[in-house]
Structure formats: C-alpha cells, structure tokens
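A.B. asks: Requesting a structural model of the entry that follows:
(chains A and B)
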Amino acid sequence: MLRVSDLHAKVEEQEILKGVDLEVGAGEVHAVMGPNGSGKSTLAQVLAGKEDYEITAGSLELDGEDLQEMAPEERAHAGLFLAFQYPVEIPGVGNSYFLKAAVNANRKARGESELDAMDFLKLLRERATLVDVDEALLRRPVNDGFSGGEKKRNEILQMAVLEPRLAVLDETDSGLDIDALKTVAAGVNALRAENRAFVVITHYQRLLNYIVPDHVHVLLDGRIVRSGGSELAHELEEKGYGGFDGARAEA
Amino acid sequence: MTSAADTRTGPYLELFAGRGAGGPVGARRQQAIERFEAAGFPGSRDEEWRQTNLGPILRARPVAASGRALGDGGALPFLYPDCDSMVFVNGRYAPAASSPPEGVTAFSLADPAGAGSELLAEHLGASVDGRASCSADAGVHPFAALNTALFEDGVALGIPAGTALERPIQVLWLSAPSADAAAGDNGAPASMEVSFPRLLVVAAENSQASVIETFAAADPAAGGYFVCPAAEFVCGAGSVVRHTRLQADAAGAFHIGFQHARLDRAAAFDSSSLAFGGALVRNDTVALLDGEGADCTLDGLYVLDGSQFTGNHMRVEHRQPHTTSHQLYKGVLDGQARSVFNGRIYVHQAAQKTDAKQTNRNLLLSKAALANSNPQLEIFADDVRCTHGSTIGRLDEDALFYLRARGIGFEEAHGMLVHAFAREVTDKATFEPLRRDLEARLFASLNGGRSNGQGG
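C.D. replies: Presented below is the predicted three-dimensional model:
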C-alpha cells in the first residue's frame, strides 16, 4: 500500500530525513518510534504533503501512485489521513460543518454522490459514538479552545468519519492521560480493518500496549535503523534509544 | 484669480444657494455652511485626513443629484421582508416605494408638515457639527457640515418613551445617477452627482428600535457619484438602539459618511458598519457616552478588492463613570485595496470604571493590499480597563494545510477561512433577512475577489 524508498527531505537547508525506507501493507499496523528530533514528524508531514519540506531524493508511493505529484487534498482523496501532532485551531469554522465539507469533498473527488445534511448527521453521530466523542465538541469551532485531549480525540473522530485507507498518527498519544490514551487507542482499534493500514508515530512505548503493532521501526537521525515485531517496542522501553547508537553507526 | 481652495469649495457653496433658510434648521444650515467655508476641505497636513486621498472627489464638479423616479419595484431587491421601510432615491423620499413605521414619529425631512417639529428644532444638527458636544480637539468635520448645510431630504425618526419597536426600520438610500454623470477622463468623472442623505434618530427614555441603513446603487455598474451622508442618534436614558449600516454602493462611487451617537444614562447603542462597495469610502463615527452606565458596541467589516479604499475613523468618548465601549472592526483586503482604521478612545477624568475595548483585525489576501491600523487611547481617569489591539496578517497557512489534508480543495479551504474571519462580524446580525443578505454579499465579494488572482 505505502512504499517509501530512500526518502531524503530537508527544511530550510537542513536535511532531516536521510534515506527512509518503509513499506506498509494493507491491514497492517506499523509503529515508528524515535526520540525528539529523529525526523518522525517530518516523515508524517512529508507524507501529508506539507510544502515547507523539500524532498531531495527518494520516492513516496501510495498504491503505486507517486504522492509527490499530488496536492495535500489529492492525497486525502487517495485515502491518506494524517492525525496531526498539533491539530490546528480554526475559529469561526464549525467542527461539524468542516467535517461535512471534508467528507463531501472526498466523495466528490471519488465520483460518489455528496451526503445530504441528514445522512451526514447520521454518519457523524454513529462515528462520534464509536470513538467516544461528546457531541458538544461537534458544535464548537474546529479545535478552538479544545483541551489537548479533546484535540486528539477530534483527530480520531475525523479519521473515523473519513475512513482513510492509510492513517498516519503523529504522536497522537503525547500529552494524553491514561484514560484518554485508552479512548484514542480503542477508537483506532475499532477502525482496524483488512483494507486499512496504520502508521503510528510515537515517542513512547505506552500507546503500543493498547494498539499492538505488527511491525516496529526505530527512526534515528533521519534513518530507520532497525525494524522488528512488537517485541522491539519493549526492548526500546528497557534500553532506551541510546542502545541503538551502534545500529546507527552501522547504517 | 481664484485660489485652489475656492475652486474646490466654490461649487459646494453654490449648491447652498437654493437651500431653505427659515427656522431653527435654517439657522443651523447657515452656521454649517459658514463653518465649512471657514475650514475648507482638509489637506494632506490634516492628521485625521492625511491617509484619505480626497483628490478624485475634489477634482470632480459636484452636481446636485436629481430626484429621479424609480421604475415599479425598483427598490424591491434591496428591501427586507418583515421590516418597515423608507426609501430614498438620490437622497429624496420615494413614498410610493416606502412603508413607514406606525406608532412612532417618522417623516421625510422635506415634508413641510414636519418643518416645525420639536424633534428637528431640538436635535437636528445639534450634535453633528456642534463642537460643544465633542472635546475641543475634535474640530469641524467638513463633510458633516456640508451635509447639514446641503441635505435636501432624509429621515426623522422619533421613538416615544417606553415604546419598543418589534420590526426593524430599513432606510434605503438608493443612488441612481444619470448616465452622463459618469463620463470623464482618466476614470475620474468631470462631474458627479452628489447627494446628502440625512438621518435623525431620537430614541426617548426606555424605548427600543432597530434601524438598518442600506446604501446601494440602482445600477451596480453606475459610474462616479458621491454620497455624503450624516446620521445622528440621540439615545435617551435606558434606550436600546440597534443600527446597521450596509454600504453596498456601485464600484465607482465615492462615499464619505459621518455618524454621531449620544448616549444618555444606561442607554445601549449597537452599530454595525459593513462596507462592500465604492471606490473611495470613508466613515467617521463619534460616540459620546454621556450618561452613567451607557454601553456602546461598534462593529465593522470591510471587504475590499481592486483599488478600493475604505477608511474608518472612530472616536469614542467616555464622559461618565461605568461606561462601556466595545469595538471590533475587521477587514479583508485583496488586489491593491487599501484601508485605514483610526480608532481613538478618549476617557475623561470623570469616567471612572470605564471598560473600553478596541480591536482591529485585517486579513491581507494579496501582496499589494495594504492595511493601516492606528488604535489610540487617551485616558484621563485612573480606575479604568482599556485594551486595544490590531493585527494585519495573511491567511493562516497551517490552517489552510490542515483543511487541505482533510481533502478540502485549496479554493474551498481558502474561502472557508476567509469567511470564518469575516463572519465574526456578520454573525452578530440577529435579524434573519439581514444576516442572510450579509452572508450573500460576503460570498459574492470574496468569490469575485478570487478571480483577480490568488495572493498566496
């Protein structure tokens, strides 16, 4: 589904990604772990098409299509979803209005008929229940004045409503207390499906107790220095990232 | 030989020749034209006017707009349902198109029956150029003085004590210049039709009313004409006056307006100014909080494109304790549009416990658009809460990316963000037909603007 090959990316003349390789198949959950500054968020933003980053080498493909050729909205239409590390506050745009616009923009782009107000509301309520989001959040402006936990839940709600094929969760766990973390994880687990893949980017292993990944990758200094099964996350928990310096030297 | 000042003021002084001189209003007209003649038009050294280029107006020869009959239903597209209305065409009352309110005093200023009314004798022109009501440095407002001297018609509205009007009153100021007035060289008309709409609203103690002023052109493609309106609001103790000022003049129009509100004890005055049209537009607002507990809200929105200019000059005077004023002015500028916001809050020594807030936010959609913002506070009391802030910025790129990452296309995402910015002001309209009209105008302005190229 997703194929990232030898990806190099820089921002303001500073190279952040120095050759990332990552392959994600349908139905799989991949965790990308790494310390601050390792390039985790850059990878997420580059996948979603943020223009601040310049790709200097390598390739990005979703279902064989070159993502680099696609605008951010086209990537969304193709089924890519990024849960932002820092969801943006948009005063004046109602959350439910925004979600309806997003759903219908995607449906239109895919040649499907747009949902009317009633059908959309039904979908929204159903998904809000699924990911345990209070309906009061739907009536407020997008993320405006939301607590950290509410923002992260709102990301998961958007994911549930948009039904992406590939969801990239960028530190969705950071700043969440254990209850909120469980809710977010339950939401993700409820959406796991044969034809849907997840890339869960995180600093800490804790989230992976609740979202059990099929594959774990360690990102260090712009490269994936080690890949393994879910046991790798526990190894990281014990040894910390320091233990992978050797691997970096070899890479 | 005539001096430059003579050639500019001369044609306006000539217009005065035919205006009635009798009665208390006549005396005020006389006083106003003398003040105007003495002050002349402001020059580039005049602090309050240096950012407003009056050149295009002063170069054109003013011709009194003729009272033109409007075809059947000509005013209808501009009138709201569930509303009383008074319609003026080129500054003159069109009774056939109007349905004036009942149970209140409402008459055309040109109606001889109203000439002797106490309302006019006591209030008309008493505040607009009465220097005594403002602090000494406020000076003469030359265009307000011109209006007092030269208005031909307008509205006098008196709301009796204790009366609360349920329906808003819409005053439509429709401009329908004759075709030849538009002709001129270099886009500047050699002559332009000028009208001086005049509004007087006197809300007696504990009364309530909502007045919607609409400035529009019968033909939106009409060429240069000049509207020079003045409005006075006398808000009695405990009265609640809502006012909306929708400026949707033709693209080539000039519009220099003045409005003045005086608030007595515990009065509330809430005025929204929405500017979409015109080539050169300016609106000056003076609010005097003259009674304890008076509360004034002044909101504004200007949506500009091309080479439009809009200036908003505010002066709010807190003269008594426990008075409140809140101002929120927002601007959306595309093309080479320019705007000026000049806000002054003046807190007199007696006005302890003043609560004053002034905010001006500008959104620039193109590289060539330019917004000026000058909030000013002058505080002579020591126990007050006054804040002011202004921002001039571009669309939030992060928000744009966020929307696009959810599948919303660039154009739609851009439109959503600009609308969201502007709607903070238009959403305050509680009268549903007005709110819908403002939304439609906002949509049309912004979408028209987009075709002129993307700023970002």
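A.B. asks: Quick check: chain neighbours aside, which residue is closest to the residue of the stretch 1-150 of chain A at minimum distance from chain B?
C.D. replies: Nearest to chain B in the stretch 1-150 of chain A, going by Cβ to the nearest Cβ, is residue A:92, at a distance of 2.9 Å. Any C-beta I mention is one placed from the backbone N, CA and C, and that applies to glycine too. The shortest distance from residue A:92 to any non-neighbouring residue, by Cβ to Cβ, 6 or more residues apart in numbering or on different chains, is to residue B:420 (2.9 Å).
A.B. asks: Could you do residue A:228 as well?
C.D. replies: In space, and not counting its chain neighbours, residue A:228 is closest to residue A:216: 5.7 Å by Cβ to Cβ, 6+ apart.
A.B. asks: Report pLDDT for the one you found.
C.D. replies: Looking at residue A:216, its pLDDT reads 95.
A.B. asks: Contact residues of the stretch 151-251 of chain A facing chain B?
C.D. replies: Residues of the stretch 151-251 of chain A that fall close to chain B, judged by Cβ under 8 Å from any Cβ of the partner chain: A:158, A:162.
A.B. asks: which stretches of the stretch 51-200 of chain A form helices?
C.D. replies: When assigned using DSSP state H, counting those that start in this stretch, the helices of the stretch 51-200 of chain A occupy the ranges A:72-77, A:95-109, A:117-130, A:135-139, A:148-162, A:178-191.
A.B. asks: Export only the CA atoms of the fourth one, formatted as PDB.
C.D. replies: Output in PDB follows, covering the C-alpha atoms of helix A:135-139 (Å, rounded to 0.1, in the frame of the first residue of the first chain):
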ATOM      1  CA  GLU A 135     -21.500  15.700  20.600                       C
ATOM      2  CA  ALA A 136     -20.800  19.100  22.200                       C
ATOM      3  CA  LEU A 137     -17.400  19.100  20.500                       C
ATOM      4  CA  LEU A 138     -19.200  18.900  17.200                       C
ATOM      5  CA  ARG A 139     -20.900  22.200  17.700                       C
END
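A.B. asks: what packs against that helix?
C.D. replies: Applying 3 or more Cβ pairs under 8 Å, 6 or more residues apart in numbering or on different chains; DSSP states H and E, we find helix A:135-139 packed against helix A:95-109, helix A:117-130, helix A:148-162.
A.B. asks: Using CSV, please lay out the ones you listed together with mean neighbour count, distance to residue B:427 and mean pLDDT.
C.D. replies: Formatted as CSV, the helices and strands packed on helix A:135-139 follow (neighbours: other Cβ atoms under 10 Å in any protein chain shown; distance: least, Cβ to Cβ, whole Å; pLDDT from 0 to 100):
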stretch, mean neighbour count, distance to residue B:427, mean pLDDT
helix A:95-109, 20, 13, 96
helix A:117-130, 14, 20, 94
helix A:148-162, 22, 22, 93
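A.B. asks: To residue B:41, which of the ones you listed lies closest?
C.D. replies: Residue B:41 sits nearest to helix A:95-109 of all the helices and strands packed on helix A:135-139, at 48.0 Å, using Cβ to Cβ.
A.B. asks: who in the stretch 151-300 of chain B is up against chain A?
C.D. replies: Nowhere does the stretch 151-300 of chain B come near chain A, counting by Cβ under 8 Å from any Cβ.
A.B. asks: Just want the residue of the stretch 151-300 of chain B that's nearest chain A.
C.D. replies: For the stretch 151-300 of chain B, Cβ to the nearest Cβ, closest residue to chain A: residue B:299, 14.8 Å.
A.B. asks: before we move on, back to that, which residues are in contact with the residue nearest to residue A:92?
C.D. replies: Applying Cβ atoms under 8 Å, 6 or more residues apart in numbering or on different chains, we find residue B:420 in contact with A:90, A:91, A:92, A:93, A:141.
A.B. asks: can you rerun that using 7 Å?
C.D. replies: Each residue near residue B:420 by Cβ atoms under 7 Å, 6 or more residues apart in numbering or on different chains is listed here: A:90, A:91, A:92, A:93.
A.B. asks: From those residues, pick the one nearest residue B:387.
C.D. replies: Nearest to residue B:387 among these, counting by Cβ to Cβ, is residue A:91 at 18.6 Å.
A.B. asks: Skip the chain neighbours and tell me the closest residue to the closest one.
C.D. replies: Sequence neighbours aside, residue A:144 is the residue nearest to residue A:91 in space, at 4.7 Å (criterion: Cβ to Cβ, 6+ apart).
A.B. asks: same thing with residue B:66?
C.D. replies: Residue B:66 sits nearest to residue B:90 (Cβ to Cβ, 6+ apart), 6.3 Å away.
A.B. asks: again with residue A:182
C.D. replies: In space, and not counting its chain neighbours, residue A:182 is closest to residue A:210: 6.1 Å by Cβ to Cβ, 6+ apart.
A.B. asks: count of residues packed around that neighbour?
C.D. replies: Counted with other Cβ atoms under 10 Å in any protein chain shown, the neighbours of residue A:210 add up to 16.
A.B. asks: and if you look at residue B:213?
C.D. replies: 23.
A.B. asks: Over to residue B:59?
C.D. replies: Count around residue B:59 with other Cβ under 10 Å applied: 15.
A.B. asks: separation between it and residue B:198?
C.D. replies: Remark: distance between residue B:59 and residue B:198 (Cβ to Cβ, to the nearest Å) = 25 Å.
A.B. asks: What of residue B:352?
C.D. replies: With Cβ to Cβ as the criterion, residue B:352 and residue B:198 are 36 Å apart.
A.B. asks: Which one's more surrounded, these two?
C.D. replies: The residue with more neighbours, out of residue B:352 and residue B:198, is residue B:198; 26 against 16, by other Cβ under 10 Å.
A.B. asks: what's near enough to touch the residue nearest to residue B:66?
C.D. replies: Residue B:90 touches B:65, B:66, B:67, B:68, B:175, B:176, B:193, B:195, counting by Cβ under 7 Å, 6+ apart.
A.B. asks: Quick one: low-confidence residue ranges for the stretch 101-250 of chain A.
C.D. replies: A:245-250 (pLDDT under 70).
A.B. asks: For chain A, what's its nearest residue on chain B.
C.D. replies: The minimum distance from chain B to chain A, using Cβ to the nearest Cβ, falls at residue B:420 (2.9 Å).
A.B. asks: quick one: that residue is in a helix?
C.D. replies: Yes. Residue B:420 sits within a helix when classified using DSSP: H, G, I helix; E, B strand; the rest coil.
A.B. asks: Helix, strand, or coil at residue B:120?
C.D. replies: Using three-state DSSP, the structure places residue B:120 in helix.
A.B. asks: where's the closest residue to residue A:34 other than its chain neighbours relative to chain B, distance?
C.D. replies: Leaving aside its chain neighbours, residue A:34 sits nearest to residue A:219 (3.6 Å; criterion: Cβ to Cβ, 6+ apart). Taking Cβ to the nearest Cβ, to the nearest Å as the measure, residue A:219 falls 21 Å from chain B.
A.B. asks: Give me the phi and psi angles of residue A:219.
C.D. replies: phi -100, psi 120 (degrees, to the nearest 10).
A.B. asks: Identify the bridge partners of it.
C.D. replies: residue A:224 (DSSP bridges).
A.B. asks: residues contacting it?
C.D. replies: When contacts are counted by Cβ under 7 Å, 6+ apart, residue A:219 touches A:32, A:33, A:34, A:38, A:39, A:40.
A.B. asks: okay, now the third one: neighbour count?
C.D. replies: So that's residue A:34. Count around residue A:34 with other Cβ under 10 Å applied: 25.
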